[in-house]
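# Model the following, please.
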Amino acid sequence: MSVSPTPDPVSSLRETVRAQLQGGQMAAAESSYRQLLEHEPDDVDALVFLADRELARRNAPQAILLLSRAERAHPDHPGVAHQLGSVHLASGDFEAAASHLQRALAAAPSMFLARLRLGIALEQLGRAEQALTAYFMAVRSAQEQGRWLSDATTAPGLRELVKYAMNYANAGRQRLFDAALEPLRERYGRSELRRVDRALAIHLGLEPMPSIDPRQRPLFLYFPDIPSQPFYPRERFPWHETLEAAAAAVREELLAVLAGEQVLESFLGVDDPTQAQSMLRGSDGHAAAWDAYFFHRHGDRYEDHCAACPRTSAVLDAVPLVRIRDHAPEALFSVLRPGTHILPHRGVTNTRLVTHLPLIVPSDCALRVGGQIHSWREGSCVTFDDTFEHEAWNRSQFTRVVLILDSWNPDLSEAEQAAVTDLVEAIGDFNASCAVTADPA
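Numbers count the residues shown, from 1 in each chain. The predicted structure is shown next:
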C-alpha cells in the first residue's frame, strides 16, 4: 500500500500567494505571506511585500523593522536596500535614505528609480552637485532602457517628479558649463561666443535643433549658424600642401609599418567579428576588417608609434589638429582590408572636420559623404564633414590605406575654437563623473 507524500506547506503557500497576487487579492496575499514567514522567517519576498503593505498604511516604523530583518538575512539584495531607502526617504530620514539607495545602486547600477530617489535625498541634504549627478544618471539610465522618453513611457505617478529631475539636471549642467565658458566670455566678449551659447542650448535641449540638411545629424554637438557641406574646397586648408608634400615620406613609413612587426588594432576596438557587423560588411569571400595604426587617439599620443614614424609624426605636428583633453586629436593610418565596406554612419560634431591623405589606393575604392561619391587619389587630400552620413568601401583585392586626421572647421573663429575646447572638456569631465562612457568628441 503506497503512502502519499506529505504536501510541502511552504510550496503550497507560495503557489497560493502567487495566485492571490495574480488575482489582485492583496489582503489574502498578505495573510498568506504572514503564514509563510512562520515557516521561512527570512523569506525576502514576504518581508518586502509586508513592508509595502505597512508603508501603504503609513506605518513606516513597522515597514523599516520588516525590511531591516530582510537586510540582515540578505545583505546584498539590491531590492531590499532600495525599499529601505524609499521608506527612509518617505519618513524624512534623508541620510539613511541616501546610504541605503547608494548600496542598492552599487549592486544594481541600472535601477533608475532608485537613482531618482537618491537625487531627492541628496538634494534635501544640500548636496547639490551629487544630486545633479544622481538626477542626470537616473534620467539617462531610464531613457537607455526605453523609459521616461515621454509621458507615455513614464508612470503617471512619476511624471511630475521625472520632469523636475530633467529640469534640475539641465539647469545644473547649464550652470556648470556656463562657468567653464565665463573666462572666455570675459576675454573675448559675450557677442563673440553667441554661437557657442546656442550650441550649448541645443545640446541641453533648451533650444530645438534648427532645421538642417537631413543628411547631417551630429551625434553629440551641433554648432549652428555656419555653412554646412559634405566636402570642403581645398583652398580653405592651406596646410593641405604640407601634408601632400610629405606624402612620399609618410607612405614609406607606412610600408615599413605594414611590412614589419608593428601591431595594428581594430579601429572599432572589438575583436569579435559579430560585434562589428553593425559597422562593417565583407564581400567576395573576404572577412570585413578595418585596422588602425594610431598616432593620437582620444587626445592621447602614441609615443611608440610616433617614434617609429618620425616624419609622419613631424608633419602631424605641423598641421592644426584639434586638441581637446581626453577627446582629440585623432590621427592614424586607416587600413581598410580587401572587400570591406564601412557602413553608413555619422560623426559627433560639426565643429571639426576630417581630412584624408590617401597613401595606398587600389581601384574600386571610394568614399561617399552626404550622397556624394569621392574617389581617393594617392597624395591628394580631401576634407569632409563626417556629421553627414558617410560610408567607405574597398571592393578590390588589395589593402587601402589613408592617413586620417581631424582639424577645426574653418568657419569657427579663434574664440569659438577655444570655447568649444573648454566646453567639450567640461562636458567630458561631467560625463566621466557620472560614469557615462560615451565619447563626445
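# alpha carbons only for contacts and neighbour counts from here, please
Fine.
# Report the residue ranges of every domain in this protein.
41-126, 155-226+412-441, 231-411 (automatic domain parsing).
# May I have stretch 252-269 as PDB, with CA atoms only?
Output of stretch 252-269 as PDB, limited to C-alpha atoms (Å, rounded to 0.1, in the frame of the first residue of the first chain):
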ATOM      1  CA  GLU A 252      57.500  55.000 -46.900                       C
ATOM      2  CA  GLU A 253      57.000  54.800 -43.200                       C
ATOM      3  CA  LEU A 254      53.600  53.300 -43.700                       C
ATOM      4  CA  LEU A 255      55.100  50.500 -45.800                       C
ATOM      5  CA  ALA A 256      57.600  49.800 -43.100                       C
ATOM      6  CA  VAL A 257      54.800  49.500 -40.600                       C
ATOM      7  CA  LEU A 258      52.900  47.100 -42.800                       C
ATOM      8  CA  ALA A 259      56.000  45.000 -43.600                       C
ATOM      9  CA  GLY A 260      57.300  44.900 -40.000                       C
ATOM     10  CA  GLU A 261      56.100  43.600 -36.700                       C
ATOM     11  CA  GLN A 262      54.100  46.600 -35.800                       C
ATOM     12  CA  VAL A 263      50.700  45.600 -34.300                       C
ATOM     13  CA  LEU A 264      47.600  47.100 -35.900                       C
ATOM     14  CA  GLU A 265      44.400  47.200 -33.900                       C
ATOM     15  CA  SER A 266      40.800  47.200 -34.800                       C
ATOM     16  CA  PHE A 267      39.600  50.700 -35.400                       C
ATOM     17  CA  LEU A 268      36.300  49.800 -33.800                       C
ATOM     18  CA  GLY A 269      38.100  48.400 -30.800                       C
END
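# which residues are contacting that stretch?
Ala276, Ala289, Trp290, Asp291, Ala292, Tyr293, Cys309, Arg311, Thr312, Phe333, Ser334 (CA atoms under 8 Å, 6 or more residues apart in numbering).
# Show me which of these is closest to Ile120.
Ala276 (40.1 Å; CA to CA).
# low-scoring pLDDT stretches of the stretch 51-200 of the chain, where are they?
For the stretch 51-200 of the chain, no stretch has pLDDT under 70.
# so how far is the longest helix seen in the chain from its chain's centroid?
What stands out as the longest helix in the chain, according to DSSP state H, is helix 159-188. Relative to its parent chain, helix 159-188 has a centroid offset of 19 Å by CA atoms, centre = their mean, to the nearest Å.
# What of stretch 347-363?
Distance of stretch 347-363 from the chain centroid (CA atoms, centre = their mean) equals 23 Å.
# Only C-alpha atoms, please: export it in CSV.
Presented in CSV, the C-alpha positions along stretch 347-363 are these (Å, rounded to 0.1, in the frame of the first residue of the first chain):
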residue,chain,number,x,y,z
GLY,A,347,30.2,61.7,-36.6
VAL,A,348,29.8,63.5,-33.4
THR,A,349,30.2,67.2,-34.1
ASN,A,350,30.5,69.7,-37.0
THR,A,351,33.0,71.8,-35.1
ARG,A,352,35.7,69.7,-36.6
LEU,A,353,36.3,68.2,-40.0
VAL,A,354,38.0,65.0,-41.1
THR,A,355,40.9,65.0,-43.6
HIS,A,356,42.3,62.0,-45.5
LEU,A,357,45.7,61.9,-47.1
PRO,A,358,45.4,58.8,-49.4
LEU,A,359,48.6,56.7,-49.4
ILE,A,360,47.7,53.4,-51.0
VAL,A,361,44.5,53.4,-53.1
PRO,A,362,43.7,50.4,-55.3
SER,A,363,40.9,50.6,-57.9
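# Can you list the buried residues in it?
347-362 (16 or more other CA atoms under 10 Å).
# Show me these that map onto strands.
Judged by DSSP state E, the subset of the buried residues of stretch 347-363 located in strands is Arg352, Leu353, Val354, Thr355, His356, Leu357, Pro358, Leu359, Ile360.
# Let's have these in TSV, adding distance to Arg159 and pLDDT.
Formatted as TSV, these follow (distance: CA to CA, whole Å; pLDDT from 0 to 100):
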residue	distance to Arg159	pLDDT
Arg352	38	97
Leu353	40	98
Val354	42	98
Thr355	46	98
His356	48	98
Leu357	52	98
Pro358	53	98
Leu359	56	98
Ile360	56	98
